[in-house]
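Asker: Let me see the structure of the following:
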Amino acid sequence: MSYQMIHSCIRVMDLEKSERFYQDALGFKIDRRKDFPEFKFTLSYLRSPGSDFELELTCNHDQAEPYELGNGYSHLAVSVTDLETSHKKHVGMGLAPKPLKGLPGQGARFYFLSDPDGYLVEVVKAR
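Answerer: Predicted coordinates:
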């Protein structure tokens, strides 16, 4: 039996703002949206070009307070061929990415930035 990752879901306060972040900062495309007004929630599925994996954004219409992210969840990760140019792009967008870092004994291999709800996204240099 084989299992394939198909999506990860995060809850967001402002769906349009979150969609713009993932589109503008990371080049994701909205694959589809499902609106359930009678149940007070909307789902938006985004993909990075060439990938089957989806990021599901769930917006509960009656959520008044920001979600508590807790200390168990860590981050999403995306890869990019030109890490330094990507970092400069995110700085220029005012997204305040963290400095470039690497694991011990490595050069710069990744950095983190936060989406509008505080979820971390790790941007990793593609191999």
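Asker: can you tell me which residues contact the residue nearest to residue 99 when sequence neighbours are not counted?
Answerer: Nearest residue to residue 99 in three dimensions, chain neighbours excluded: residue 111, at 6.5 Å (CB to CB, 6 or more residues apart in numbering). To be clear about C-beta, it is placed using only N, CA and C from the backbone, and glycine gets the same treatment. When contacts are counted by CB atoms under 8 Å, 6 or more residues apart in numbering, residue 111 touches 83, 87, 97, 98, 99, 100, 101, 122, 123.
Asker: is it true that residue 111 lies in a strand?
Answerer: Yes. Counting by DSSP: H, G, I helix; E, B strand; the rest coil, residue 111 is located in a strand.
Asker: Now do it against residue 74, distance only.
Answerer: 15 Å (CB to CB, to the nearest Å).
Asker: Work out the gap between stretch 110-127 and the centre of the chain.
Answerer: Mean-position distance between stretch 110-127 and its chain equals 7 Å (CA atoms, centre = their mean, to the nearest Å).
Asker: would you turn the contacts of residue 111 into JSON lines with distance to residue 15, secondary structure and neighbour count?
Answerer: JSON lines is the format used below for those (distance: CB to CB, whole Å; DSSP: H, G, I helix; E, B strand; the rest coil; neighbours: other CB atoms under 10 Å):
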{"residue": "83", "distance to residue 15": "29", "secondary structure": "helix", "neighbour count": "19"}
{"residue": "87", "distance to residue 15": "27", "secondary structure": "helix", "neighbour count": "21"}
{"residue": "97", "distance to residue 15": "23", "secondary structure": "coil", "neighbour count": "19"}
{"residue": "98", "distance to residue 15": "25", "secondary structure": "coil", "neighbour count": "15"}
{"residue": "99", "distance to residue 15": "30", "secondary structure": "coil", "neighbour count": "8"}
{"residue": "100", "distance to residue 15": "31", "secondary structure": "coil", "neighbour count": "16"}
{"residue": "101", "distance to residue 15": "31", "secondary structure": "strand", "neighbour count": "13"}
{"residue": "122", "distance to residue 15": "23", "secondary structure": "strand", "neighbour count": "17"}
{"residue": "123", "distance to residue 15": "23", "secondary structure": "strand", "neighbour count": "24"}
